[in-house]
Every structure is written in C-alpha cells, then in structure tokens.
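# Dropping the sequence and predicted coords here.
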Amino acid sequence: MAVDEELPGTQGPNLDVRAALGPCMRDPFAGNCGRFANACEALYHAREKLFAKLGHFLFGAETDLDRWSNDVGAVVRRSFTSAGIGDWATMLLGAAPERPGQHARLQLQRAAGQSVNVEIKHFGDLAIGTSGPEEVPRGLLQSYDAVRISAQHLTVDVAGGEGYPHPVSCSDLTATCAVGSHTEAVEQFIEQAYCVSKVLAWLASDDGHPTQLKVGCMDAFQQTTTVARRLVDMPGVKFSKRQLDPGTVEVCFTLPFNLEEGAEHYPRTAELLGLFNPMEFTLRRAGGADATLCTLLVEEGVARCCLFFREGRLAWREPGAGAVAWGEVGRLALEATLDVTVVPLGLSLAAIPLPRMKMLCELERRGKLTVTCVEAGEPTYKLAAAAVLDNDLFRKLLLDAFRLELEHTPEEGGQRAVIRFFGRLVFPTSTVAALVAQWFQAFALRQLCELDVVQALADLFAALSQDAAALSGAAPA
C-alpha cells in the first residue's frame with residue numbers, strides 16, 4: 001500500500017473503522033492470532049510444571065536454610081583441611097553434599113498441538129555460558145502455536161561502584177524466545193501500522209471526532225473490547241486531539257486501568273500493572289535532531305499515549321521536521337528515553353526510582369529491531385535509590401550489557417519463518433537491600449506460580465482472532 005494512498009472509510013465526516021481496517025486483517029492474520037492464543041493457553045495450563053523449574057532458574061535450587069547450612073559446612077570443612085585434619089570433617093559431618101552449580105540454563109519448548117516440555121540444568125563452569133542470542137534450529141517452529149524459550153542465568157563477580165570495595169555478585173540473565181511465523185508477517189504488520197495511522201490521521205483532520213472513533217473501534221473489535229474490560233475502565237477510555245501549531249495536531253489515547261476488576265480476572269497482571277508509577281517513555285529521532293515521535297506516560301493507574309500528525313501523515317512533533325519515513329536503506333534510528341519508578345506493593349518503603357535510560361533503537365524495514373543503552377543517568381531521587389542497590393554499578397552494567405533484539409527470519413527455501421526475541425540484563429544482585437530482595441522474590445514467585453499474564457494474552461489474542469475474522473470475512477482458527 002502506497003504511503004499517500006487513501007484508505008477506504010476515512011474520507012469525510014463519517015468514519016468506517018470496519019472498512020478501513022478490515023482489508024489489513026485479512027487471512028492468515030485471524031488464524032495466526034488464534035494459533036498464538038493456543039500456545040499461550042498451553043503455557044498457562046502447564047504452569048504447575050513450570051513453576052518450580054522457573055523458580056530454581058531465577059533463585060537457585062537451594063532453600064535459604066539449605067544454602068545457610070551448606071555454606072557453614074563448607075567453612076568448617078575448609079578450616080579442618082587448612083589445619084591438616086580434613087578427614088575429621090568427613091568423619092564428623094559426613095560426605096560433602098553435592099551442591100547444584102551456580103549457573104543455570106533453562107529450555108522450554110512446545111510444538112504445535114503438543115504439551116509443554118521444560119528442562120533446567122545447573123552447571124559450574126562459567127566458560128560454558130554465552131551472552132548472545134541462540135540460534136533456533138531450522139524447521140523446529142512450524143506455526144504460531146509452536147514456541148521455544150532458551151534462557152541462561154550466570155552468576156558473575158564484578159568490581160563494585162563507590163562504597164562497595166569488594167567484588168559484587170551479579171546476575172547475568174539472557175533469554176532467546178522464538179515463535180513460528182509466516183514469511184509475509186513483516187509486510188502485513190507494516191500495512192496494519194499504516195492503516196491504523198491513517199485512521200488516527202482522520203481524527204487529526206477537521207472531520208475527525210474523538211467519540212466517533214472510540215465508538216467505531218469498540219464496534220469493530222467487540223470481542224477484544226469484552227476481554228479488555230477485565231483490566232480497563234472502558235467508559236474512561238478516550239481519544240483526544242489538540243492543535244499544536246498551524247500544521248501540527250497532537251492525537252492522544254487515554255487508557256485508565258481498572259485494577260479492582262483486574263484483580264478478579266487476572267490478579268497477577270493487575271499487580272504487575274500497578275508496579276510502575278510513574279513510567280514515562282519518549283521516542284525521538286536519533287542523531288541529535290530535536291524531533292519527537294511519541295510520548296507515553298503511565299501514572300496513577302492511567303496510561304496516556306500521544307502521536308503527532310501533519311497533512312494527513314504521522315509526523316515528528318516539531319515544525320519543519322517533516323513526516324516520519326524510512327531512510328534510504330530502509331532503516332529508522334530512534335532514541336528512547338525511559339524513566340521508571342517501582343512501587344513495591346505491601347512494603348513500608350518509599351518508591352524506588354531506577355536510573356534514567358536512553359536507548360538507541362535501530363529499526364530495519366526487513367524486520368529487525370535492536371535496542372541498546374547509550375546513557376544511564378542518575379535516578380530522580382539518588383539517595384532513595386542508593387539505599388536499595390549499587391546504582392553506580394547498575395548504570396555501568398546497563399551501558400555495557402543491556403540489549404534487546406526482535407527479528408523476523410524467513411527460513412531458506414520454505415514458506416515459514418521465525419520471530420525471535422533476545423534480551424540481556426546484568427543486575428548487581430548482592431547489593432540489593434535484603435527487604436527489597438525478599439519482596440522481589442515473593443513477587444516473582446507469585447507471577448510464576450499463577451502465570452495469569454500468559455492467560456490474559458491467550459484471551460486477548462483469541463478475541464482478536466475472532467474480531468479479525470469478522471472484519472475480513474475469514475474463518476477464525
């Protein structure tokens with residue numbers, strides 16, 4: 001679809017969302033959404049099998065009591081050995097227990113229509129580990145209901161920041177997640193993004209009306225709206241627009257969460273949504289030019305996202321910056337700024353501000369996104385943050401190691417492809433305050449135990465599958 005091509009249903013004062021978005025929801029989109037929903041559903045139903053292994057992967061296979069007992073025993077054995085009476089330690093304490101390696105690798109796999117298989121291995125040799133993405137075996141993932149996750153948790157010692165004279169124990173976490181796909185997925189996604197931008201451009205025009213857009217979207221996506229009501233205060237959802245200058249219109253979407261309702265349907269998802277308050281995200285053009293593409297603010301249970309339009313096209317906010325477009329080689333470089341404050345629910349602690357992150361986001365039209373950290377600034381409240389962890393070291397680790405990749409890779413000679421996500425984060429584990437560490441472990445274990453975030457995704461994609469089928473006339477999977 002050409003950039004300046006008119007979209008059916010977006011001319012004049014009467015918006016027709018079905019006519020505008022129906023064609024880009026054509027098959028196989030509906031079926032693929034349904035298949036991905038099936039994969040999420042399978043993961044959710046396997047949560048009891050996954051819980052213990054995921055917990056061991058993140059926090060180790062030893063309980064706190066076992067770890068304390070084994071550590072004390074190791075100290076006693078070393079003392080006896082250094083005194084030349086190591087045999088006495090064996091006589092008194094028995095054989096030394098075989099402790100799991102301090103590093104762990106987890107592999108989760110689900111073939112289409114099959115049950116979920118998960119394995120975890122502990123190892124002690126750091127050289128076995130790797131910090132890069134893992135290759136997905138060819139032909140393994142045939143469709144969107146086939147998934148594979150390979151993750152690694154290395155325990156490494158790093159020189160500490162100011163106030164930490166000794167090496168700091170850090171967790172080096174990497175994960176490669178992959179799902180089966182089809183070869184035209186990138187082109188269809190770009191077409192869908194274009195159609196959505198043209199619908200929003202209609203709102204930015206003189207004919208556009210916020211209420212008509214909301215009603216049109218709810219009518220076109222009835223099943224999705226029904227699922228969204230479980231977490232979102234739908235009466236409070238609204239579109240809005242305002243003129244910034246004679247040529248630029250800001251279009252905003254406000255989404256208030258209904259965490260009380262969410263706690264009944266997806267309690268852990270509601271807990272996760274309330275964890276970050278506030279969270280502010282800004283996307284700008286990279287390279288020093290002051291040109292803003294998007295802003296997102298999540299605060300006090302309300303998310304607000306704003307985009308900018310000029311002459312019927314998605315544009316940079318600043319006058320004279322022009323419309324958003326791919327570069328000559330099919331690339332777009334963006335700078336993302338993220339400010340996050342974590343609110344530990346249930347703790348009598350002040351909110352925890354994290355370092356401000358500036359990230360370089362390199363987007364390639366062929367289907368690849370790479371995100372790296374180029375600046376890790378001081379948190380908003382430095383003293384409060386310093387009481388929780390070694391922020392100086394954390395900032396350095398973000399610069400050195402943080403990386404995200406999302407890539408669509410067609411398989412050679414086939415009709416299928418793979419969508420692969422890779423992420424890496426190194427965190428100064430041993431510097432975290434004990435109370436916060438205990439809270440995080442309990443929080444993470446609750447999330448892993450119930451996995452209702454995955455259930456919410458399954459319900460959402462199943463609903464989207466039905467809506468897309470109705471819009472395009474296809475049959476849902």
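Right, received. Where do you want to start? Residues are numbered from 1 along each chain as shown.
# Where in this protein is the helix or strand with the lowest mean pLDDT?
Least confident helix or strand of the chain, by mean pLDDT, DSSP states H and E, is helix 64-82 with a mean of 49.
# and the longest strand for this structure?
With secondary structure taken from DSSP state E, the chain has its longest strand at strand 168-182.
# Please spell out which residues along that one are buried.
168, 170-182 (16 or more other CB atoms under 10 Å). For every residue, glycine as well, the C-beta is placed using N, CA and C.
# so who does the closest residue in space to residue 395 that isn't next to it in sequence touch?
Spatial nearest neighbour of residue 395, chain neighbours left out: residue 376 (3.7 Å); criterion: CB to CB, 6 or more residues apart in numbering. Applying CB atoms under 8 Å, 6 or more residues apart in numbering, we find residue 376 in contact with 355, 356, 357, 358, 394, 395, 396, 398, 399.
# now the strands for the stretch 251-400 of the chain?
Applying DSSP state E, counting those that start in this stretch to the stretch 251-400 of the chain gives strands spanning 276-285, 292-299, 302-310, 313-314, 331-342, 352-353, 357-364, 368-376.
# Of these, give the one that comes closest to residue 8.
With CB to CB as the criterion, residue 8 lies closest to strand 313-314 of those, at 17.6 Å.
# For that closest one, name the packing helices and strands.
Contacting strand 313-314 under the criterion 3 or more CB pairs under 8 Å, 6 or more residues apart in numbering; DSSP states H and E are the following elements: helix 185-204.
# After the helix it packs on, heading C-terminal, what element do we hit next?
helix 210-220 (DSSP states H and E).
# Please list the outside residues in contact with that following helix.
The contact list for helix 210-220 (CB under 8 Å, 6+ apart) reads 14-18, 21, 199, 202-203, 225, 234, 237-241, 467, 471.
# and those residues, which of them are in strands?
Going by DSSP E, the strands hold 238, 239, 240, 241 from those.
# ok so, going back, got a ChimeraX select line for the buried ones in the contacts of helix 210-220?
Of the contacts of helix 210-220, the buried ones can be selected in ChimeraX as follows, counting by 16+ other CB under 10 Å:
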select :15,16,17,18,21,199,202,203,225,237,239,241,467,471
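# Check the burial of the closest residue to residue 339 other than its chain neighbours by counting its neighbours.
The shortest distance from residue 339 to any non-neighbouring residue, by CB to CB, 6+ apart, is to residue 280 (4.5 Å). As a burial measure, residue 280 scores 16 neighbours (other CB atoms under 10 Å).
# For the closest residue to residue 397 other than its chain neighbours, what are phi and psi?
With CB to CB, 6+ apart as the criterion, residue 397 has its nearest non-adjacent residue at 4.4 Å, and that residue is residue 426. With angles defined as degrees, to the nearest 10, residue 426 sits at phi -110, psi 130.
# show me the contacts for residue 426.
Residue 426 is in contact with 156, 158, 170, 171, 172, 173, 397, 400, 401, 402, counting by CB under 8 Å, 6+ apart.
# Identify the residues contacting the last one.
Contact partners of residue 402, counting by CB under 8 Å, 6+ apart, are 357, 359, 372, 373, 424, 425, 426.
# Can you give me the distance of it to residue 422?
As for residue 402, its distance to residue 422 is 12 Å (criterion: CB to CB, to the nearest Å).
# How about the fifth one?
Per CB to CB, residue 172 is found 14 Å from residue 422.
# Give the buried residues for stretch 26-40.
Those would be 28-40, for stretch 26-40 by 16+ other CB under 10 Å.
# which one of the residues you listed is nearest residue 207?
Residue 207 has its nearest neighbour among the buried residues of stretch 26-40 in residue 29, at 28.3 Å by CB to CB.
# So that closest one sits against residue 188, correct?
Yes. In terms of CB atoms under 8 Å, residue 29 counts as a neighbour of residue 188; the distance is 6.4 Å.
# How many residues are close by residue 462?
Using other CB under 10 Å, residue 462 is surrounded by 21 other residues.
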